[in-house]
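Participant: Provided below are the primary sequence and the corresponding predicted coordinates.
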Amino acid sequence: MPREKEESHKESKDASAPKEDLSASDVEIDELEGVGPATKEKLNNAGILTVMDLAVKSPSEIADAIGSDLARAVELSTKARTKLVELHYLEDDFVSASEIYKRRKAIDRISTGTKNLDDLLAGGIETQAVTEFYGEFGSGKTQICHTLCVMVQQPKEQGGLSGKVVYIDTENTFRPERIVGIAQARGYEPDAILNGIVVAKAYNSSHQELILGELGARVREFGVRLVIVDSAVAHYRAEFLGRGTLSERQQRLNKFMHALVRTAEIYNLAVVVTNQVQSSPDTFFGDPTKATGGHVVAHTSTYRVYVRKTGKNRVARMVDSPYHPERESLFILDERGIDDPQEESSTRRRSS
């Protein structure tokens, strides 16, 4: 091939390839065919600024934003997904299992700060997934969340993702002084850790949903790699009382949980939710406690871990997972947040 033709061929090939320095969050919605200034303005007013934001939203949310029918919203949602597939930010509709396996091996994980819990989770909290921790009060759910706020900000070689956190606090349980204590105990700079945590306090279920709707902009602005919801069901449980409101509660909770799943997958971040438990009086054998939220939360959580107290220790049991074995591991609560039991942690530190 002559030099001139070879160079022109190379240029055309490079032009068709996605730009390496172009982030998926930089693709604005007016780059989609059929999105004019009026539609763009309506979407922007609803907090949908980019194609990525559009792909995360459900068709019903898009329809509400633009004041159109569901068919038009589905069309826009499909165009957004197709655009991201073309730019190689999302997978094609049909992908070989070997390709998925390669991508799964390269997936990111966040260390929980304990070897035992990391082993239970096959390396830590996984990105592009929703990990649920449920248990009674005092079982360590919030302490797990606080420790993850510290760990995710560390470099990869130390078990983190060098990213920031959005902490959606629905029960007024976030304590910055606890973050300071964990950071100091682990040898990190407390002020730097606090600056890497964005806290959003949700006052009711509607406010909680509104915060989630604005999450995309915060992910882009702060470089977020972890979203924590502590807890996901508390407001819904408090506001929707009685069997007459159960259907509406489950529908809204289902919508919220699915939005979390889409956010985790499309923005390539980890989502951790905590959940309360309730007693099942008709259980005659075994543990009578079960997670609230019913099948809605159970089906949308990628990984489900039950935590409980046993003396001074805590037990974490993998209850539901696409591939993890159902087994248990021990951890404790101490000045480091969550940690391995004393004998194991001291032995590991001596060996290191």
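Facilitator: Sure, I can see it. Numbers count the residues shown, from 1 in each chain.
Participant: going by C-alpha atoms from here, please, whenever you check contacts or count neighbours.
Facilitator: Fine.
Participant: now the protein, which segments are flagged as low pLDDT?
Facilitator: The chain contains residues with pLDDT under 70 at 1-26, 279-288, 344-352.
Participant: what's the longest helix in it?
Facilitator: Longest helix in the chain, counting residues (DSSP state H): helix 246-267.
Participant: buried stuff in that one?
Facilitator: 249-250, 252-254, 256-267 (16 or more other Cα atoms under 10 Å).
Participant: secondary structure class for the one residue sitting closest to the centre of the chain?
Facilitator: Most central in the chain under Cα atoms, centre = their mean is Val271, positioned 1.7 Å from the mean C-alpha point. Using DSSP: H, G, I helix; E, B strand; the rest coil as the criterion, the local structure at Val271 reads strand.
Participant: how close does it get to Arg237?
Facilitator: Computed with Cα to Cα, to the nearest Å, the distance linking Val271 and Arg237 is 21 Å.
Participant: contacts only, for the closest residue to Ile107 other than its chain neighbours.
Facilitator: Distances taken as Cα to Cα, 6 or more residues apart in numbering place Thr127 nearest to Ile107, at 6.8 Å, with adjacent residues excluded. Applying Cα atoms under 8 Å, 6 or more residues apart in numbering to Thr127 gives the contacts Ile107, Asp108, Arg109, Arg225, Ala264, Glu265, Asn268, Leu269, Ala270, Val271.
Participant: ok, Asp92 - contacts?
Facilitator: Counting by Cα under 8 Å, 6+ apart, Asp92 touches Val85.
Participant: confirm it sits in a helix?
Facilitator: No. If the criterion is three-state DSSP, then Asp92 is coil and not within a helix.
Participant: the chain should start at 415 in everything you say after this.
Facilitator: Understood, numbering begins at 415; the last thing we discussed is Asp506.
Participant: give me every residue that touches Ser645.
Facilitator: For Ser645, the contacting residues are Asp583, Thr584, Glu585, Val687, Thr688, Asn689, Gln690, by Cα under 8 Å, 6+ apart.
Participant: quickly note the distance from the residue lying closest to the second one once chain neighbours are set aside to Gln664.
Facilitator: Spelled out, that is Thr584. Spatial nearest neighbour of Thr584, excluding adjacent residues (Cα to Cα, 6+ apart): Ala616 at 5.0 Å. Using Cα to Cα, Ala616 is found at 19 Å from Gln664.
Participant: who does Asp753 form a beta bridge with?
Facilitator: Taking DSSP bridges as the rule, Asp753 bridges to Ile746.
Participant: Pro736 touches Thr716, doesn't it?
Facilitator: Yes. Here Pro736 lies in contact with Thr716, judged by Cα atoms under 8 Å, at a distance of 7.4 Å.
Participant: which secondary structure elements does the longest helix of the chain sit against?
Facilitator: For helix 660-681, the helices and strands in contact under the criterion 3 or more Cα pairs under 8 Å, 6 or more residues apart in numbering; DSSP states H and E are helix 465-470, strand 543-548, helix 619-627, strand 684-689, helix 708-714.
Participant: hmm, 10 Å instead?
Facilitator: With contacts defined as 3 or more Cα pairs under 10 Å, 6 or more residues apart in numbering; DSSP states H and E, helix 660-681 has these neighbours: helix 465-470, strand 543-548, helix 619-627, helix 629-636, strand 638-644, helix 648-653, strand 684-689, helix 708-714.
Participant: in a markdown table: these, plus distance to Ile593.
Facilitator: Formatted as a markdown table, these follow (distance: least, Cα to Cα, whole Å):
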| stretch | distance to Ile593 |
| --- | --- |
| helix 465-470 | 31 |
| strand 543-548 | 19 |
| helix 619-627 | 22 |
| helix 629-636 | 19 |
| strand 638-644 | 14 |
| helix 648-653 | 23 |
| strand 684-689 | 17 |
| helix 708-714 | 28 |
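Participant: so what's Lys454 up against?
Facilitator: Taking Cα atoms under 10 Å, 6 or more residues apart in numbering, we find Lys454 in contact with Glu442, Ile443, Asp444, Ala460, Ile462, Leu463, Thr464, Ile480.
Participant: what is the burial count for the last one?
Facilitator: Pointing back at Ile480 there. For Ile480, the count of nearby residues is 19 (other Cα atoms under 10 Å).
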